[in-house]
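Peer 1: Here you go, sequence then predicted model.
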Amino acid sequence: MTATTPAASPHVMNTYGRVPIALARGQGCRVWDVNGKEYLDGLGGIAVNTLGHNHAKLVPALQDQITKLIHTSNYYHVPLQEQLAAKLVELSGMQNVFFCNSGLEANEAALKIARKYGVDKGIAKPEIVVYEKAFHGRSIATMSATGNPKIHSGFGPLVEGFIRVPMNDIEAIKKATQDNPNVVAVFFETIQGEGGINPMRVEYLQQLRQLCDERGWLMMIDEVQCGVGRTGKWFAHQWAGIVPDVMPLAKGLGSGVPIGAVVAGPKAANVLQPGNHGTTFGGNPLAMRAGVETLRIMEEEGLLQNAAKVGDHLRAALQRELGSLPGVKEIRGQGLMLGVELNKPCGALIGRAAEAGLLLSVTADSVIRLVPPLILTTAEADEIVAKLTPLVKAILAE
Ligand SMILES: *Cc1c(COP(=O)(O)O)cnc(C)c1O
């Protein structure tokens with residue numbers, strides 16, 4: 001068989017700059033393309049494939065579910081929703097859950113909760129604090145909350161009611177909201193993903209929790225990328241010992257089956273009432289089964305501990321091999337959500353790494369992002385570093 005190079009189809013809308021490979025199957029942290037070439041998966045479908053590919057426990061469970069029910073409707077009770085919601089409540093220490101289908105949908109629901117929370121308190125024009133470099137999705141409202149002018153460009157007018165502040169600066173948020181009675185919520189990622197793997201500091205998170213309590217604001221933490229075990233705790237904010245009022249989840253929650261969820265604490269749990277919000281697909285039995293099984297398997301296989309342990313190993317290895325190179329600015333992140341920032345744009349690495357048999361991403365132009373499946377082994381982590389190191393040296397030498 002001769003190798004084929006997939007080309008863009010005129011029938012698929014041209015919204016992505018794609019690497020010219022097409023993947024055909026996967027097993028664990030490895031995938032193979034249509035030509036049989038093997039890749040180590042340092043991307044995990046962008047922090048989605050929590051359990052890797054073709055997991056021996058997940059696949060039969062999903063097969064079983066498909067033979068029972070894929071979709072019913074939210075006209076009826078969905079017992080698997082109740083099961084997954086109860087588990088998320090247990091793991092988060094929060095109160096209840098709304099299910100949807102993606103990250104932006106979870107964030108959209110969070111924004112609606114914040115606005116209605118304000119309106120219910122008599123605030124007619126509620127405002128929400130958001131962050132520089134934040135990423136919350138591509139719908140009109142979540143794009144407006146996103147702090148990246150490139151993402152806004154061409155899609156104005158933006159949704160109003162957002163106040164933007166820099167990360168990790170408690171004085172800046174106090175100043176930006178001073179004497180403003182319309183603020184209802186603060187909305188942020190514990191570790192910014194698309195923005196370049198930028199962690200909020202523990203002390204800042206604690207100060208922010210206190211500020212939200214003092215002012216009666218909802219603390220809304222977008223854990224779409226950093227949540228569901230990726231940092232070594234169920235949710236990344238748990239490293240700071242805080243509990244949010246609203247927490248959107250998505251990416252890793254279904255191990256690849258589309259799913260979104262908004263978890264609410266007591267202040268936010270009863271804001272939405274019948275008729276206020278809804279979705280056709282959200283909470284369908286197939287997605288709920290994927291969520292239930294993902295969390296169950298993560299517990300059974302100790303994947304939080306694995307993410308922490310292998311993440312530390314990977315970070316240390318990256319630091320050892322790359323940390324002292326003059327063009328490497330910083331290596332940061334937590335668990336299996338790591339970024340290597342270079343002093344120059346390095347988008348070319350996505351294609352070059354693929355050629356070398358490694359899947360990864362580059363975000364914020366100059367940050368190499370690794371968000372592999374949480375089943376990654378230390379041997380596989382070493383292999384990522386071995387494949388990546390010469391590519392980084394080469395691009396820095398150009
Ligand atoms: C990916 C992502 C989103 C958007 O999720 P989609 O499923 O692509 O809509 C929102 N917030 C964060 C932090 C993300 O990483």
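Peer 2: Sure, I can see it.
Peer 1: Just list the residues touching the residue of the chain found nearest the ligand, thanks.
Peer 2: Proximity of the chain to the ligand (CB to the nearest ligand atom) peaks at Gly103, 2.1 Å away. In short, each C-beta sits where N, CA and C put it, glycine included. For Gly103, the contact set (CB atoms under 8 Å, 6 or more residues apart in numbering) comprises 136-137, 222, 224-225, 248, 250-251, 260.
Peer 1: Just the ones of these in strands?
Peer 2: Members of the contacts of Gly103 lying in strands (criterion: DSSP state E): 248, 260.
Peer 1: just the contacts of Gly103 that are near the ligand?
Peer 2: 136-137, 222, 224-225, 250-251 (CB under 6 Å from any ligand atom).
Peer 1: and which of those residues is nearest to His313?
Peer 2: Distance ranking of these against His313, using CB to CB, places Gln225 first at 21.1 Å.
Peer 1: quick one on the thing from earlier: now do the residue of the chain closest to the ligand against Phe135, distance only.
Peer 2: Plainly put, Gly103 is 9 Å away from Phe135 if you go by CB to CB, to the nearest Å.
Peer 1: Using the three-state scheme, assign the nearest residue to Val292 once chain neighbours are set aside.
Peer 2: Using CB to CB, 6 or more residues apart in numbering and skipping the chain neighbours, the partner closest in space to Val292 is Leu84 (5.0 Å). Three-state assignment for Leu84 (DSSP: H, G, I helix; E, B strand; the rest coil): helix.
Peer 1: surely Leu84 meets Asn96?
Peer 2: No. The criterion here is CB atoms under 8 Å, and Leu84 misses it with Asn96 at 11.7 Å.
Peer 1: With neighbour numbers in mind, choose between the two.
Peer 2: Leu84 (27 against 17; other CB atoms under 10 Å).
Peer 1: what residues does this structure put near the ligand?
Peer 2: So far as CB under 6 Å from any ligand atom goes, the chain lies against the ligand at 102-104, 107, 135-137, 189, 193-194, 222, 224-225, 250-251.
Peer 1: Those residues in helices, which ones?
Peer 2: Judged by DSSP state H, these include 103-104, 107 as members of helices.
Peer 1: Spatially nearest residue to the spatially most central residue of the chain, not counting backbone neighbours?
Peer 2: Ranked by distance to the mean C-alpha position of the chain (CA atoms, centre = their mean), the top residue is Gln225 at 1.2 Å. In this structure, Gln225 finds its nearest non-sequential neighbour in Gly193, 3.7 Å apart by CB to CB, 6+ apart.
Peer 1: before we move on, what about Val228?
Peer 2: In space, Val228 is closest to Gly252, 3.9 Å off (CB to CB, 6+ apart).
Peer 1: contacting residues around that neighbour?
Peer 2: If a contact means CB under 8 Å, 6+ apart, then Gly252 has 44, 47-50, 227-230, 294, 374 as its contacts.
Peer 1: Secondary structure and distance to Leu62 added to those residues, as JSON lines?
Peer 2: Listed next are these as JSON lines, based on DSSP: H, G, I helix; E, B strand; the rest coil; distance: CB to CB, whole Å:
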{"residue": "Gly44", "secondary structure": "helix", "distance to Leu62": "18"}
{"residue": "Ala47", "secondary structure": "helix", "distance to Leu62": "20"}
{"residue": "Val48", "secondary structure": "coil", "distance to Leu62": "15"}
{"residue": "Asn49", "secondary structure": "coil", "distance to Leu62": "13"}
{"residue": "Thr50", "secondary structure": "coil", "distance to Leu62": "14"}
{"residue": "Gly227", "secondary structure": "coil", "distance to Leu62": "21"}
{"residue": "Val228", "secondary structure": "coil", "distance to Leu62": "17"}
{"residue": "Gly229", "secondary structure": "coil", "distance to Leu62": "19"}
{"residue": "Arg230", "secondary structure": "coil", "distance to Leu62": "21"}
{"residue": "Thr294", "secondary structure": "helix", "distance to Leu62": "10"}
{"residue": "Leu374", "secondary structure": "coil", "distance to Leu62": "18"}
